[in-house]
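Novice: Could you look at this predicted model? Sequence included:
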Amino acid sequence: MSDPLWLVVPAAGQGRRMEADRPKQYLTLLGRPLLVHTLERLYSAFPDARLMLCLDDDDHWFAEEWVPFADWQRVTGGEERMDSVLNALAAIDAGDDDLVLVHDVARPCVTREDLLALHQAVQRHAAGALLAMPVADTMKRASPSGASLCSEPRDALWHALTPQGFRYRQLHRALVEARNRHTLVTDEASAVEALGDAPQLVSGRRDNLKVTHPDDLALAAAILTSQRATTERSL
């Protein structure tokens with residue numbers, strides 16, 4: 001029997017780099033808000049999971065009917081991603097060993113297969129796991145002015161993706177300690193690594209795009225369209 005599963009989706013960001021009239025999670029992607037696509041992908045893999053959706057208190061764009069989960073809760077989002085996740089962890093009645101997967105709302109292209117693979121890895125590895133992909137490009141170290149200083153070896157380098165999954169007790173401790181050290185972490189794995197743990201890297205698809213810049217929206221639409229066509233051909 002699988003351990004209880006909680007899904008945490010931070011969605012309180014303003015997405016200013018998109019230069020849009022609304023937060024990026026509400027921008028239209030193939031006729032629907034980006035957030036809707038992301039939640040549907042999570043639901044396709046984990047329909048019985050419990051969802052914690054972190055939203056800004058002043059968010060007037062959100063509509064409850066967009067949430068496909070029967071068991072879900074709206075949580076006040078924080079100023080930073082870490083604050084939102086900590087608010088979600090504080091709001092749930094989870095056991096120490098319950099599984100928690102944290103997923104970027106701006107990653108609507110994650111596949112059901114990758115989600116299930118990560119879930120299995122989190123159950124097997126005590127230090128948790130995260131979707132990631134090996135670096136394929138030449139890596140450059142830049143000066144403050146933007147000049148290329150040198151090339152960095154890309155062997156053993158990976159791009160961190162989401163979801164990232166851990167046991168409740170482990171993740172809560174890692175983020176609380178990061179906050180107490182006044183360390184701003186950009187993903188959950190870095191907080192867990194600071195405890196001396198080594199989360200498992202689970203090789204994920206390269207089309208697990210994070211929508212960050214304006215041109216990413218068109219790319220996400222192309223990816224989703226291609227994924228749907230592939231699924232339809234396999235039926």
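Specialist: Sure thing, it's come through.
Novice: Could you check the pLDDT of the nearest residue to residue 134 once chain neighbours are set aside?
Specialist: Spatial nearest neighbour of residue 134, excluding adjacent residues (CB to CB, 6 or more residues apart in numbering): residue 158 at 5.5 Å. In short, each C-beta sits where N, CA and C put it, glycine included. Reported pLDDT at residue 158 in the predicted model: 94.
Novice: give the contact list for residue 158.
Specialist: Residue 158 makes contacts with 132-135, 201, as judged by CB atoms under 8 Å, 6 or more residues apart in numbering.
Novice: Which of the residues you listed has the largest number of neighbours?
Specialist: residue 132 (22 neighbours; other CB atoms under 10 Å).
Novice: That one should be in a strand, yeah?
Specialist: Yes: secondary structure of residue 132 (DSSP: H, G, I helix; E, B strand; the rest coil): part of a strand.
Novice: distance of it from residue 171?
Specialist: Distance of residue 132 to residue 171, computed by CB to CB, to the nearest Å: 17 Å.
Novice: Quick one: the strands in the chain, in order.
Specialist: Secondary structure of the chain (DSSP state E): strands at 5-10, 28-29, 32-33, 50-55, 72-76, 99-102, 129-134, 139-142, 148-152, 158-167, 200-203.
Novice: now for those, which one comes closest to residue 82?
Specialist: Smallest distance to residue 82 across the strands of the chain (CB to CB): 8.9 Å, for strand 5-10.
Novice: Give me the neighbour count for residue 56.
Specialist: Based on other CB under 10 Å, the number of other residues close to residue 56 is 18.
Novice: Please apply the same query to residue 153.
Specialist: Residue 153 has 9 neighbours, counted by other CB under 10 Å.
Novice: what's the nearest residue to it if we skip its chain neighbours?
Specialist: Using CB to CB, 6+ apart, the closest residue to residue 153 is residue 139 (7.7 Å).
Novice: From residue 145, how far out is the one you found?
Specialist: Separation of residue 139 from residue 145 (CB to CB) stands at 18 Å.
Novice: So which of those two has more stuff around it?
Specialist: Shown here are residue 139 and residue 145; by other CB under 10 Å, residue 139 has more neighbours (11 against 5).
Novice: Quick check: the more buried one touching residue 154?
Specialist: Yes: contact criterion CB atoms under 8 Å: residue 139 and residue 154 qualify, at 5.2 Å.
Novice: For the lengthiest helix in the chain, which residues meet the burial criterion?
Specialist: In the chain, with assignment by DSSP state H, the single longest helix is helix 214-234. Using 16 or more other CB atoms under 10 Å as the test for burial, helix 214-234 gives 216-217, 220-221, 223-224, 227.
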